[in-house]
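Participant: Build me a structure from this.
(one chain, ligands or ions: 3)
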Amino acid sequence: MQTLAQNLTSQAVDASLSQLILTLADTSKAISQAVRHGALAGVLGATEQENVQGETQKKLDIITNEMLKDALKADGTVRGLASEEEDHVVEVSETGQYLVCFDPLDGSSNIDINSLVGTIFSVLPAPTGELSEASFLQQGRAQLAAGYVLYGPSTMLALTTGRGVQMFTLNPETNEYLLTQDAVSISKDTAEFAINMSNQRFWEAPMQTYIADLLLGKIGPREKSFNMRWIAAMVGDVHRVLSRGGLFTYPADNKDPNKPFKLRLMYEANPMALLVEQAGGKASTGYENILDIQPEQIHQRVAVILGSANEVDACLSYHGLDYSQEPDPELG
Ligand SMILES: O=P(O)(O)OC[C@H]1O[C@](O)(COP(=O)(O)O)[C@@H](O)[C@@H]1O
Ligand SMILES: [Mg+2]
Ligand SMILES: [Mg+2]
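Facilitator: Numbers count the residues shown, from 1 in each chain. Ligands and ions are numbered 1, 2, ... in the order given. All right, here's what the predicted structure looks like:
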């Protein structure tokens, strides 16, 4: 089995980008250890602090953020970073070529129940000139690499550098990531969906109707039964979608009018959308392709609908969009 380093070489990934990916991977091994020790290391539980988004930070949110920041500062290829747990962008090295956006620990509410959590990252090219928040506001299509590490029964890394999606499993004996799945491909069709059903009454009408039709199963317009899953960690839900297909959505809701969306564009939606597209799936807000969004803020939130291509199309058709048809050449 190929190691991560061998795989990057065989894919002819640029040397400095490979170095950055290996740094992220090495840090995830240390995070995996910290997560694994759990209550033994006293790392569970919340702190008194809130992040810029008003969410109480867990101890592990802060620990993992510091681990990634320290590693990226030492790496030498990074110009700046943006993190869920940092109010502002952080300048790293004047000579760095890359910007890294990350969610150091996704699925924070799962920490204290010993359930799935992960790290999500996105790598963008660093524009020349002074570093500011504006340097980061690039469309998801500009990402040079994206991936996540899932700290589950085994620790797994899913990665894309724009050459499909590869999955690596951390060998606990050698502490090395080994390629366990190449050319990951999401099935076009699925009978499984993931949504937080407790928000149902707050969704927009198209999502209400779409989910109601899924729940009707064989006796409804879809004429097929669907199963539902919800891990409460995007990283776990997207891993399932990449592994066996499915539709994952965190749609717009009006529970809190000041916060219509939950997931963050720069370090949750964009990297996951690139992985999903590279595996043959689709990722949309319901109204536009996630990778085409022009970001306005580093902590901006978006609606997310992603997964098996035909099922995402089915969901979009309820939003008045039909992406499954080829464009009409007559209409130009
Ligand atoms: O609390 P809910 O509605 O189940 O939301 C779960 C969602 O929130 C998140 O946990 C947000 O991520 P963080 O834990 O990094 O804040 C997603 O991973 C997940 O899909
Ligand atoms: Mg998250
Ligand atoms: Mg997080």
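
Participant: mind showing which ranges of the stretch 101-250 of the chain have poor pLDDT?
Facilitator: Counting by pLDDT under 70, not a single residue of the stretch 101-250 of the chain qualifies.

Participant: for ligand 3, what are the nearby residues on it?
Facilitator: By the rule CB under 5 Å from the ion, the part of the stretch 101-250 of the chain lying against ligand 3 is Asp103, Leu105, Asp106. Just so you know, the C-beta spots here come from the backbone N, C-alpha and C atoms, and that holds for glycine as well.

Participant: What's opposite the last one in the beta bridge?
Facilitator: Under the criterion DSSP bridges, Asp106 forms beta bridges with Gly118.

Participant: For the stretch 201-332 of the chain, which segments count as strands?
Facilitator: 227-228, 247-250, 263-264, 282-284, 301-302, 304-307 (DSSP state E, counting those that start in this stretch).

Participant: ok and the residue in this structure nearest ligand 2?
Facilitator: Residue nearest to ligand 2 within the chain (CB to the ion): Asp106, separated by 3.5 Å.

Participant: Count the residues that sit near the residue nearest to Leu178 when sequence neighbours are not counted.
Facilitator: Using CB to CB, 6 or more residues apart in numbering and skipping the chain neighbours, the partner closest in space to Leu178 is Met1 (4.2 Å). Met1 is flanked by 12 other residues according to other CB atoms under 10 Å.

Participant: Surely Met1 is in contact with Asp182?
Facilitator: No: counting by CB atoms under 8 Å, Met1 does not reach Asp182; the two are 10.4 Å apart.

Participant: Now for these two: what residues contact both?
Facilitator: Residues touching both Met1 and Asp182 (CB atoms under 8 Å, 6 or more residues apart in numbering): none.

Participant: Show me the domain layout of the protein.
Facilitator: For the chain, the structural domains run 4-181, 192-331, going by automatic domain parsing.

Participant: Relative to Ile62, how far out is the residue of the stretch 51-200 of the chain found nearest ligand 1?
Facilitator: Nearest residue of the stretch 51-200 of the chain to ligand 1: Ser108, at 3.6 Å (CB to the nearest ligand atom). Plainly put, Ser108 is 11 Å away from Ile62 if you go by CB to CB, to the nearest Å.
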